[in-house]
Every structure is written in structure tokens, then in C-alpha cells.
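> Got a predicted structure here, sequence first:
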Amino acid sequence: MTINSIKGTIYDLLGYFAPGLAACIGGLLIFQQANGTQDVFAAMRAVVKGLSVFEAFLVIVISYVLGHAIASASSWLIEKKLVEHVKGLKDAVHVENILDSTHYEVFCRKYATAFQAPYGSRDIRRVICYVQAKQPAVYETSMTFLAFYGMARNLSLISGALCIAEAVLIGRICENLLILALLAVLSLIFLYEYIRFRKYYLDTILSGFLIPTE
């Protein structure tokens, strides 16, 4: 197994399967609450114990496929809508704020030389492709951070969605404010982790771009 295939497997597990499985479990818990189940965790254990091999395989496949759908939704909602329109979040992942002023000037000069154009905030894809071609070892390292920030972004969306679903049940069925608060906090924690790992990812990519090449 090559390094690239290992990196791909890590991203599949963290970025798609884990969030998809979390969504399946969370959705099942909400469904049980909606049906008036008193001990939802005992009911969950009973469901897991009763799974056949085929059903377990089906859960894995559904989790993986669902993970892709969640990734697309979180990319649009969190990355393109929330982060791009909330100044504090947008500034946190801006290249100018990740590099110090000296290295940012060097970066802009090198970008202009490499691409014959000034750098714009939407041009990071060109930088990533450059690093992938010129510094493959650095690019492979960055993929680990990409997997973690993708997972955190997806889990933030799932936690937020479950929080909304739980809020709908408040006062009618579950009346459990502790779970509601926990889901809201988890959504914010995962959002924070998404920003943190995205910054690590961009810092690695930018460092690879600034490495002198012959």
C-alpha cells in the first residue's frame, strides 16, 4: 500500500465514514426519543446487538455514502456561507493572517512570479496544485490536516442539525435541555477545531510553497 493510498484511506475514514456513522447514530437516538423511548441508550445497544453481518455491512455502506452528502452540505453551509460571511472566521483562515508580514510579502512575490498575476483570496487552489507538483512530501503531510478539518467541519454540521432536531422535541417529547446544550456546545467545539485544523493545513501548504525550488 502506497503513502497516497494510506492518506486516502485516512480521509475516507475521518472525512466521510466517521461523520456518516455519527449522523446515523444521532438520527436513531432522535427517532427513538420521538417515539417516546424512555432509555434510548439501552434501545441503541439492543439495536446494535441485533444486527446481522449483512446489516452491519449495510450500516457501513450507508454511513460512508451519507458522509459524502454531509461533506457536500457542510462545505456549502459552513465553508462557503458561514466562514466566508463572518469576518472573524474569514480572517482566521486568510493567508495574510496565517503568515507573518515578511513571509506574506515573499509569498506574494513568488506567486506573481510563478503565475504571472497578483494573488487573490480565491487563488489558493493554484497554490495547492503548485505544492502538490513541486513539494509532494509536504502535500502528503497536509492531507492529514485536511482529513481532520473535514471531519471537524462535518461533525459541527451534524451536531448543529441534531441540536435543532432536539430543540423541536423540547416541551413536547424529550424535555431534555442538557442534551440540547451539549449538542450546541459540541457544534461550536467542532467549528473551532475545523478552523484550527484548516489553519494548520493552509500553513503547511504555504510553507511548502515558500520552500526554494531549483
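Looks like it arrived, so ask away.
> hey, where'd the helices end up in the protein?
3-11, 18-34, 40-49, 53-74, 84-85, 87-92, 95-98, 101-115, 124-134, 136-169, 177-210 (DSSP state H).
> which one of these has the most crowded surroundings?
Comparing the helices of the chain by mean neighbour count (mean count of other Cβ atoms under 10 Å), helix 136-169 comes out on top with a mean of 21. (C-beta placed from N, C-alpha, C; glycine too.)
> what's the angle between it and helix 18-34?
10 degrees (axes from the mean of the first three to the mean of the last three Cα atoms, to 10 degrees).
> JSON lines for the helices of the chain, including mean pLDDT?
Output for the helices of the chain, formatted as JSON lines (pLDDT from 0 to 100):
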{"stretch": "helix 3-11", "mean pLDDT": "59"}
{"stretch": "helix 18-34", "mean pLDDT": "85"}
{"stretch": "helix 40-49", "mean pLDDT": "75"}
{"stretch": "helix 53-74", "mean pLDDT": "91"}
{"stretch": "helix 84-85", "mean pLDDT": "88"}
{"stretch": "helix 87-92", "mean pLDDT": "89"}
{"stretch": "helix 95-98", "mean pLDDT": "91"}
{"stretch": "helix 101-115", "mean pLDDT": "93"}
{"stretch": "helix 124-134", "mean pLDDT": "94"}
{"stretch": "helix 136-169", "mean pLDDT": "91"}
{"stretch": "helix 177-210", "mean pLDDT": "93"}
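> tell me the contacts of residue 11?
Residue 11 makes contact with 143, 146-147, 150, according to Cβ atoms under 8 Å, 6 or more residues apart in numbering.
> ok, the most centrally placed residue in the chain to residue 144 distance?
Most central in the chain under Cα atoms, centre = their mean is residue 150, positioned 2.3 Å from the mean C-alpha point. Computed as Cβ to Cβ, to the nearest Å, the residue 150 to residue 144 distance reads 11 Å.
> now residue 22
20 Å.
> is it true that the residue nearest to the centre of the chain touches residue 72?
No - assessed by Cβ atoms under 8 Å, residue 150 is found out of contact with residue 72, at 11.2 Å.
> ok, and what's touching stretch 182-194?
78, 148-149, 152-153, 155-157, 159-160, 162-163, 166.
> Export these to TSV and append columns for distance to residue 96.
Below are the contacts of stretch 182-194 laid out as TSV (distance: Cβ to Cβ, whole Å):
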residue	distance to residue 96
78	21
148	23
149	19
152	23
153	22
155	28
156	25
157	27
159	30
160	29
162	36
163	33
166	39
